[in-house]
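> The amino acid sequence is not available; the structure is as follows:
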């Protein structure tokens, strides 16, 4: 392992959020290409370990290996994890696929008042106001949403048609 890799390893170990190539490049004083090559080599070195180096939410970070999540969750949380309710997951899905979207649009799609669910999602920093149009606060997902759901970008969301029965994917329009 070279000195750049050791430094990257230390920085990423300390970071509590994914760090972009630009941030790492500025912090270390090396080109983004050199940083990316070092990260890819580190990623290879961390395969098959309890911790992996992953590219997620537009940056790089260490996280526990996916195949250990269930065991580690049990160990860390002892069964007391605060999970999202089905209503919160449904609302989050509407926001993720239709963003930017207003509260009224979400309520119309779900057929129920979503104010309390939206407050919960905002408190957990999974959604935020992304823009204001004609006095309407439009909501979208955050980088924490990407991180928690293991996505690098919204383009990594699975096609919505996979989850809808008897609907052809070419008949759906997702914004």
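Everything's here; your move. All figures in this text were calculated on a predicted structure; none of them were measured in a lab.
> if you skip the residues just before and after it, what's nearest to the spatially most central residue of the chain?
Geometric centre of the chain, nearest residue: residue 146, 1.1 Å, by C-alpha atoms, centre = their mean. Using C-beta to C-beta, 6 or more residues apart in numbering and skipping residues adjacent in sequence, the residue nearest residue 146 is residue 57, 3.9 Å away. Glycine gets a C-beta too; all of them are placed from N, C-alpha and C.
> Equivalent analysis for residue 85, please.
residue 117 (7.6 Å).
> helices and strands around whichever strand or helix holds the one you found, which ones?
Applying DSSP states H and E as the criterion places residue 117 in helix 115-123. Helix 115-123 sits against helix 86-98, helix 103-110, strand 127-133, with contacts defined as 3 or more C-beta pairs under 8 Å, 6 or more residues apart in numbering; DSSP states H and E.
> Buried deepest among these, which one?
Sort the helices and strands packed on helix 115-123 by mean neighbour count, taking mean count of other C-beta atoms under 10 Å, and helix 86-98 sits at the top with a mean of 18.
> What are the contacting residues of that one?
Applying C-beta atoms under 8 Å, 6 or more residues apart in numbering, the contact partners of helix 86-98 are 84, 101, 105-106, 109-110, 112, 114, 117-118, 120-121, 126-127, 139-141, 145, 154, 157, 160, 174-175.
> how far is the host helix or strand of residue 10 from where the chain is centred?
Assigned by DSSP H and E, residue 10 belongs to helix 3-14. Taking C-alpha atoms, centre = their mean, to the nearest Å, the mean C-alpha location of helix 3-14 is offset from the chain mean by 22 Å.
> and the helix or strand of the chain with the lowest mean pLDDT, how far out from the chain's middle?
Across the helices and strands of the chain, mean confidence by mean pLDDT, DSSP states H and E is lowest for helix 69-77: a mean of 73. Put simply, helix 69-77 sits 19 Å off its chain's centre (C-alpha atoms, centre = their mean).
> Please report the distance of residue 14 from residue 53.
14 Å (C-beta to C-beta, to the nearest Å).
> quick one, which of those two is more surrounded?
A direct count of neighbours by other C-beta atoms under 10 Å for residue 14 and residue 53 places residue 53 higher, at 21 against 8.
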